[in-house]
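>>> Need the 3D shape of this:
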Amino acid sequence: MLRIAVIGRQGQLARSLAELADDDVRVTCLGRPDLDLADPPTIAAALWKAPADLVVNAAAYTAVDRAEPEPEHAFAINRDGAEAVAIACAQLGLPLIHVSTDYVFDGRKADPYVEGDACNPQTVYGRSKLAGEQAVLASSGGRAAIVRTAWLHSPFGSNFVRTMLRLANERDRLRVVSDQQGSPTYAPHLARAILMMAQRMAMEPDNAALFRIFHLAGTGHTSWWGLAQEVMTVAASLGHKSVPVDPITTADYPTPAQRPANSVLDCGHVQAVCGIRLPPWQEGVRACLQRLLV
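Down below sits the predicted model:
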């Protein structure tokens with residue numbers, strides 16, 4: 001049996017990983033008050049008690065706009081907390097999969113981003129997550145993989161897909177930004193892929209190729225407007241309310257944090273090394289809505 005300790009209890013990815021538990025995989029989710037990324041001493045204590053062969057850090061400060069006026073809190077969780085996790089894993093001899101974000105890039109590249117592209121985050125959230133990546137790689141003793149993902153959605157918690165469904169029930173039309181491109185990722189698809197990576201790491205603990213930065217997101221890309229359109233199309237096909245979606249520009253919808261215009265991730269490397277390729281993003285949207293609406 002593979003025993004995975006997941007840092008995070010209520011997040012989309014943590015809950016998706018918990019659903020994968022079966023006779024071959026034991027998933028233990030750790031969160032507040034027992035483990036708090038903003039309180040490093042709790043991290044080592046919780047991991048010492050948890051039966052685990054591998055750790056997945058699926059927790060983070062993800063309030064992108066709220067991070068702008070409170071950078072200390074974002075860095076305390078996304079950098080210092082991540083570092084404490086990596087140190088504890090190194091002390092316990094446990095491999096670590098640390099989840100990061102497309103927001104480490106500035107969005108100015110025309111093509112999809114590969115792992116070796118220069119990072120230049122434009123938000124407090126992005127800077128704190130990049131600092132977390134760097135801290136993890138420096139503190140893990142070479143036994144950590146960084147998984148950057150993007151535009152996560154699921155039947156759980158707060159996310160864009162659920163927001164579009166809610167707004168469609170409240171309004172006659174929606175207005176959604178069409179000049180930001182990314183790769184929507186269904187959290188259960190990501191969780192399944194991370195489990196595959198974990199199983200490979202357990203079988204090949206000395207394979208250095210597995211312990212590096214990987215991009216892992218839904219296959220293909222679209223804009224927020226395109227994603228909203230897909231949500232409405234699928235919702236209608238399932239017999240639920242659908243409303244028109246009007247495209248607008250980023251300038252029409254200012255936010256405290258500057259979103260990247262292009263954060264499409266090239267996921268070819270994880271496919272080459274691990275044989276992993278997530279389904280097309282449209283399949284993730286349909287799977288999500290079938291769980292929410294059927």
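
>>> Identify the residues contacting residue 214.
Counting by C-beta atoms under 8 Å, 6 or more residues apart in numbering, residue 214 touches 115, 145, 146, 147, 148, 197, 267, 269, 270, 273, 274. In short, each C-beta sits where N, CA and C put it, glycine included.

>>> swap that for residue 157, please
Residue 157 sits next to 10, 11, 12, 15 when contact means C-beta under 8 Å, 6+ apart.

>>> one step back: could I get the contacts of residue 214 in JSON lines, plus columns for pLDDT, secondary structure and neighbour count?
Shown next, in JSON lines, are those (pLDDT from 0 to 100; DSSP: H, G, I helix; E, B strand; the rest coil; neighbours: other C-beta atoms under 10 Å):
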{"residue": "115", "pLDDT": "98", "secondary structure": "coil", "neighbour count": "16"}
{"residue": "145", "pLDDT": "98", "secondary structure": "strand", "neighbour count": "29"}
{"residue": "146", "pLDDT": "98", "secondary structure": "strand", "neighbour count": "25"}
{"residue": "147", "pLDDT": "98", "secondary structure": "strand", "neighbour count": "23"}
{"residue": "148", "pLDDT": "98", "secondary structure": "strand", "neighbour count": "26"}
{"residue": "197", "pLDDT": "97", "secondary structure": "helix", "neighbour count": "22"}
{"residue": "267", "pLDDT": "98", "secondary structure": "coil", "neighbour count": "26"}
{"residue": "269", "pLDDT": "97", "secondary structure": "helix", "neighbour count": "17"}
{"residue": "270", "pLDDT": "97", "secondary structure": "helix", "neighbour count": "26"}
{"residue": "273", "pLDDT": "96", "secondary structure": "helix", "neighbour count": "16"}
{"residue": "274", "pLDDT": "95", "secondary structure": "helix", "neighbour count": "19"}
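
>>> For residue 241, state which of the residues you listed is nearest.
Taking C-beta to C-beta as the measure, residue 267 is the one of those closest to residue 241, at 33.5 Å.

>>> Buried subset of the contacts of residue 157 as a PyMOL selection?
The following PyMOL line selects those of these that are buried, judged by 16 or more other C-beta atoms under 10 Å:
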select buried, resi 11+12+15
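
>>> In helices, which of the contacts of residue 157 appear?
Cross-referencing those against helices under DSSP state H gives 12, 15.

>>> what's the most distant pair in the contacts of residue 157?
10 and 12, at 8.8 Å, using C-beta to C-beta across those.

>>> Next, show the common contact partners of these two.
156, 157.

>>> where exactly do the strands run in the stretch 51-200 of the chain?
54-57, 96-101, 144-149, 152-153, 174-177, 181-182, 185-186 (DSSP state E, counting those that start in this stretch).

>>> buried sites along the first one?
The neighbour-count check on strand 54-57 (16+ other C-beta under 10 Å) flags 54, 55, 56, 57 as buried.

>>> Would you point out the helix or strand in this structure whose mean pLDDT is lowest?
Sorted by mean pLDDT, DSSP states H and E, the helices and strands of the chain end with helix 40-49, the least confident at a mean of 92.

>>> Distance from that helix to the middle of the chain?
Its chain's C-alpha centre and that of helix 40-49 lie 23 Å apart, by C-alpha atoms, centre = their mean, to the nearest Å.

>>> again, but for stretch 64-76
Worked out by C-alpha atoms, centre = their mean, stretch 64-76 lies 18 Å from the chain centre.

>>> ok, back up a step: go through the contacts of residue 157 and name the one nearest residue 203.
For the contacts of residue 157, the residue nearest residue 203 by C-beta to C-beta is residue 15; the value is 26.1 Å.

>>> Against residue 285, how distant is residue 155?
Noted for residue 155: a distance of 12 Å to residue 285, by C-beta to C-beta, to the nearest Å.

>>> I appreciate the help and will end here.
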